[in-house]
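> heads up, no residue letters with this:
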């Protein structure tokens, strides 16, 4: 029971991070039908941006309030990562829109290679650890000498994720931007004819996905306290798995999928074997795609003859 | 209603005699929508049978059930070859319906292999024959003469159909480069290369100009005469339907509303109503008068 | 009217300046933190940031100036040239036709003479690097590219886990030769068969998926195989890999310094170059086998069915083609060639570890196929030479150290430039180097089919 509860807490935390990244995948796939392969590396880069500004704030400027520093860093990371994602879309994907189907995918894979290697060259190949922060937590339960704790970091992650998702949900459901986005999802040509600025809407989709990935990156850094240039690929693939599991194109699906993947991963490591936790994640991806390609909340694809 | 109409006839219709395809009580549901509702009809051997009806009447769905792209929710599709062998199409996967039951089809929005030449398109259609001749590829890789003969024969057949469809001059051009009407003809030629017992054409005359339409009629009549292939076609162009078909079936909202010779169908008030868009109330009026006439005839 | 005048009088300078400055601002946002501030661990193992303002300034400077030149000189010049060239460039000139006809045979002759040329120029010792790093390395990727070309280029099935079959081949050879002492010549076909079986096993459940989903599932399978290789330590020795894998022998003759080794028998001075040259010819023949089989199969019903599948799967089914089997043959055959290449790789390295079979390898192979132009053998070979040879060349740029200082290591830019090249080539030629398609049969005249008509497949 204690182990179960602790794994549940850890799983939700991890799942929140996956969910935030998964939204970027699902939105981009929804609007232009492309797997944005570089998104995992965008997430990794945002964690590096957060790391650099956190160091600037704490070691150079001597800021003492960790919470405040983290919030400032998160905002900066969101802005700069959005800029980066905007630039990537502009340079590497937009010229290929409407051309050969594989071209944007290859371009995205190229961009993913570029990002991880750029960070490696610019920041070095080693792990980047930061001193522990926001340590401590609330003891939820204690029996048989096993204390189930909910750490402050986990609370932070839950709160930030919940608040941002609520704001994001409002943005997509209630504003004209969200409407334009859904229109482009349905029929890009028609949306353009009706006066929707398609290019801008697609750019904004990338920007929003990147902003949420930057939140995930900052939280990832705060939670694990270490980041490496190669940290983009595996969380990226898992977040994509989450998006597919939830039903690609569906925003609530991405969040639910993220939580499920996080839970499956922590429970698998807790009860079976840590070695094979990634195998479990990839197997779920394969199984879901083979037997339930529309995911949990997605619409089934009808084959038109 | 139409059942009663048919029953009043004395002799069974010619297409009921050993039909090539017998569709019996077929239903097709998509979720809550019933696209095909208890449909039964027969396609006569050697006939040109037309399936007509307004947009959304379920014609293409029927085609997809016959050719295996959809599995009907309920019902039976029985295909009988001239040699007597029968096939239950609803139980067969799509590619086997073409390979074994010998049903070929064309598509409403043309589906050619546009990056391949006309000749290649027609050779792909003879895949199963050539595959056997190539000893499932193994003998073919070694370049044995058996395969080369088979390929020569396949090319001859392709040339025959290119000739028939007037496309010989363009044999080495990619299919995607052909004008629209020629693409339609090539699709028919490709389907014929599979040597079908039943050829299903989904709106073959759509988008054709009058001259091309007339050529199409000649081609289809030719196929019926020389190849003895039965043809089932969906068509909106009434001039084509009335000119070449032996038997017309009319669908509306997934139900059969008329079934008979072109002249019979043309004069059927329900068909006229369905096509001219008469109000529902008026249809009832028409039906009532029709019923009265039938009752009068019966007594 | 005003526009036309502006065009004639060259680009708008003030707009170009504004645009360039804006690009600089964006570049500052993109590169400011990551280039300008480097995180380093200090003596007490704490992370600190160090400013690299000079480097940042030069990066941004290059971008601003580059953008300005692009706007004022390069793009107008390109536009002008396009205008002058007009539609005449549509029909290929006689020169180009001659080039395309003679390119393949000439390069084939060159490939067979390559070691001879290198040895005669640089001697046996000097030839090592050129035969091994360039010759063998590139040919391995040519072979992998041609193998994957069957799956991606012909059948139109995007496989992002191709490296898994390469790994199956490599580990088959590594394990069976170390444990049972079987020779390469027995294990080469076995490795191919194992990989093909794996191809069928993995292909069976996934081949009904369409589009990007197939790509992602194959990626997942590729990663699963790699993770199993890492974690199944009893069999594979985990991430430390398997070392001292036996070398290949030529009719039982070993390439070593032993009395009955190749050098002694031939009465030559001891050198590792003979083995490398032998390996070069071996991989050349394996690659040519791949090419031969592919060219042969394209003209057979199965090959035409692959291409038809890429063009339109539904039409294929309506013509009685069993699409599942057709896809499986493509998958299995592609996997088989990867298996051959894998066993060669293991024998050449003498060492295998899961490190060699990461997703990055799959991405590189897919990139080679797509950059080459899907389905074109010559294009794929060209792309392999450009991408692998090009990045290998970067290792040779040691002279740059004299410019950028001793800390500069061109090798670390290898993959960065590889990625940039992938993006750049896609934007420049989205359909790859050779996009046109050669018909497999013709009645009167062989006409090359324009790439714009050829479909790229749905899976």
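Arrived safely. All values reported here derive from a predicted model rather than from experimental measurement.

> Near the residue in the stretch 1-150 of chain A that chain B sits nearest to, how many other residues are there?
Taking CB to the nearest CB, chain B has its nearest neighbour within the stretch 1-150 of chain A at residue A:100, 12.4 Å off. Where you see a C-beta, it was placed from the backbone N, CA and C, and this is true even at glycine. Residue A:100: 22 surrounding residues under other CB atoms under 10 Å in any protein chain shown.

> you'd agree it is in a strand?
No. Residue A:100 is assigned coil when assessed by DSSP: H, G, I helix; E, B strand; the rest coil, not a strand.

> Tell me the pLDDT of it.
Looking at residue A:100, its pLDDT is 76.

> So what does it have for phi and psi?
phi -30, psi 130 (degrees, to the nearest 10).

> per-residue confidence averaged over the longest helix along chain A?
Longest helix of chain A, by residue count under DSSP state H: helix A:2-32. Helix A:2-32 shows an average pLDDT of 86 in the prediction.

> and the helix or strand following it, does that touch chain C?
Sequence order places helix A:39-55 as the next helix or strand after helix A:2-32, per DSSP states H and E. Yes. Under the criterion of CB under 8 Å from any CB of the partner chain, chain C is reached by helix A:39-55 at A:45, A:48, A:49, A:51, A:52, A:53, A:55.

> So the closest residue in space to the fifth one that isn't next to it in sequence versus residue C:52, what's the distance?
In this case it means residue A:52. The shortest distance from residue A:52 to any non-neighbouring residue, by CB to CB, 6 or more residues apart in numbering or on different chains, is to residue C:33 (4.6 Å). Applying CB to CB, to the nearest Å, the value for residue C:33 to residue C:52 is 11 Å.

> Worst mean pLDDT across the helices and strands of the chain, which element?
Going with chain A. Lowest mean confidence among the helices and strands of chain A (mean pLDDT, DSSP states H and E): strand A:137-143, at a mean of 73.

> Okay, now the sheet partners of it, with direction.
Partners of strand A:137-143 in the sheet, by DSSP bridges, are strand A:146-151 (antiparallel).

> Could you pull up phi and psi at residue B:49?
phi -110, psi 130.

> same check, this time on residue B:86
The phi/psi pair for residue B:86 (degrees, to the nearest 10) is phi -120, psi 150.

> Correct me if wrong: residue A:129 contacts residue C:47.
Yes. Between residue A:129 and residue C:47 there is a contact at 6.6 Å, judged by CB atoms under 8 Å.

> Give me the more crowded residue out of these two.
Taking neighbours as other CB under 10 Å, residue A:129 and residue C:47 compare with residue C:47 leading, 21 against 16.

> in the sheet, who's paired with the more buried one?
With DSSP bridges as the rule, residue C:47 is bridged to residue C:41.

> thought it was touching residue C:37?
No. With contact defined as CB under 8 Å, residue C:47 does not reach residue C:37; the gap is 11.3 Å.

> which neighbours do the two share?
residue A:55 (CB atoms under 8 Å, 6 or more residues apart in numbering or on different chains).

> Can you check what angle separates the longest helix of chain A from strand A:146-151?
30 degrees (axes from the mean of the first three to the mean of the last three CA atoms, to 10 degrees).

> wait, residue C:349 sits on residue C:245?
Yes. Contact criterion CB under 8 Å: residue C:349 and residue C:245 qualify, at 7.5 Å.

> Between these two, tell me which one has more neighbours.
Between residue C:349 and residue C:245, counted using other CB under 10 Å, residue C:245 has the larger neighbour count: 21 against 15.

> re earlier: state the distance from the residue nearest to residue A:52 to chain B.
47 Å (CB to the nearest CB, to the nearest Å).

> next one: residue C:190
Applying CB to the nearest CB to residue C:190 and chain B gives a distance of 19 Å.

> Pull out the buried positions in the helix or strand harbouring that residue.
Using DSSP H and E, residue C:190 falls within helix C:184-206. Buried residues in helix C:184-206, counted by 16 or more other CB atoms under 10 Å in any protein chain shown: C:184, C:187-188, C:190-196, C:198-199, C:202-203, C:206.

> helices or strands up against the host helix or strand of the residue nearest to residue A:52?
Assigned by DSSP H and E, residue C:33 falls within helix C:13-36. Packing partners of helix C:13-36 (3 or more CB pairs under 8 Å, 6 or more residues apart in numbering or on different chains; DSSP states H and E): helix A:39-55, helix A:66-88, helix A:102-123, helix C:53-69.

> And for that helix, what's in contact with it?
So helix C:13-36 is contacted by A:45, A:48-49, A:52-53, A:79-80, A:83-84, A:87, A:118-119, A:122-123, C:51-53, C:55-56, C:59-60, C:63-65, C:67-68, C:71-72 (CB under 8 Å, 6+ apart).

> between the buried residues of helix C:184-206, which is nearest residue B:163?
residue C:203 (40.4 Å; CB to CB).

> Surely that closest one and residue C:332 touch.
Yes. Counting by CB under 8 Å, residue C:203 touches residue C:332, with 6.9 Å between them.

> residue contacts, residue A:190?
residue A:183.

> Show the average pLDDT along the longest helix seen in chain C.
Across chain C, the longest stretch assigned as helix under DSSP H is helix C:94-129. Mean pLDDT, helix C:94-129: 77.

> picking up where we left off before, which of residue C:33 and residue C:52 has more residues huddled nearby?
Legend: neighbour count by other CB under 10 Å for residue C:33 and residue C:52, higher for residue C:33 (26 against 15).

> Residue B:41 - that's part of a strand, no?
Yes. Counting by three-state DSSP, residue B:41 is found in a strand.

> tally of neighbours for it?
For residue B:41, using other CB under 10 Å, the count is 21.

> give the contact list for it.
Counting by CB under 8 Å, 6+ apart, the residues that residue B:41 touches are B:23, B:249, B:256, B:259.

> Alright, calling it a day.
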